[in-house]
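Trainee: sequence and predicted structure below; questions after.
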Amino acid sequence: MNRTRLLVVVALVLLALITLNQVGAAWQAAARLQADHSDLTLLRGQLTEIRELSDAPTIAALQVESPELIPNRIDQALARAGLTSRAFAGHTPAEPRRMGTSEFVLRTVDISLNGCTVAQIAAFAQAMREDADGTVVRDLQLHSPSQQGRRELWDCELVLTQVVFSPKSDS
């Protein structure tokens, strides 16, 4: 009988040790889960911030370029692209408009060119680009192809955009 009691006591002690070990492991798992939950919350916040920053322009002007300066910019770009003023069909600046709820406004200028090669159009678009003030040709549509000897000529519509940092007033 003594021996049976001793075996029961040893079994109970072993069972208690195993139970304590499992409870300790459960507490450690709960602590790791809490830490992982905190990390996940932090990462979600950082991901939201990254998404917001990726929507913001990387370069922006501090003021909108005056519409009176656009013809000068176009003339310079025509010259750099090897185009004459005959290729220029006109331009239409639009009023700046806020980009959603951001701190930026976007000003666009529609520009029309006639009878240009694709290389000239690309050179013109590159010449219109101004990294310092966030000005770039964003859209380009080619239409009305024609042949002049062996050269293929196109009419095109370009949209010049300028992004401007313009914080909203608090009032």
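Mentor: All right, it came through fine. Computed from a prediction, not measured in an experiment: that's the story for all the values here.

Trainee: rest of the way, CA atoms for contacts and neighbours
Mentor: Fine.

Trainee: so how far is the worst-scoring helix or strand of the chain on mean pLDDT off the chain centroid?
Mentor: Ranked by mean pLDDT, DSSP states H and E, the weakest helix or strand in the chain is helix 2-55, scoring a mean of 84. Its chain's average C-alpha position is 41 Å from that of helix 2-55, according to C-alpha atoms, centre = their mean, to the nearest Å.

Trainee: ok, then the element right after that helix?
Mentor: helix 70-80 (DSSP states H and E).

Trainee: buried residues in that next one, which are they?
Mentor: 70, 74-78 (16 or more other C-alpha atoms under 10 Å).

Trainee: surely residue 81 meets residue 120?
Mentor: Yes - using C-alpha atoms under 8 Å, residue 81 is in contact with residue 120, at 5.5 Å.

Trainee: what about residue 166, how many neighbours?
Mentor: The number of residues packed near residue 166 is 17, by other C-alpha atoms under 10 Å.

Trainee: that one and residue 104 touch, don't they?
Mentor: Yes - judged on C-alpha under 8 Å, residue 166 makes contact with residue 104 at a distance of 5.3 Å.

Trainee: state the phi and psi torsions of residue 166.
Mentor: Dihedral angles of residue 166 (phi, psi; degrees, to the nearest 10) stand at phi -150, psi 90.

Trainee: what comes up buried for stretch 98-107?
Mentor: With burial defined by 16+ other C-alpha under 10 Å, the residues of stretch 98-107 counted as buried are 98, 104-107.

Trainee: residues making contact with it?
Mentor: 56, 64, 93-97, 161-168 (C-alpha atoms under 8 Å, 6 or more residues apart in numbering).

Trainee: from the residues you listed, which would you call buried?
Mentor: Buried residues within the contacts of stretch 98-107, counting neighbours by 16+ other C-alpha under 10 Å: 64, 93, 96, 161-166.

Trainee: inside strands: which ones of these?
Mentor: Among these, the ones falling in strands (DSSP state E) are 93, 161-165.
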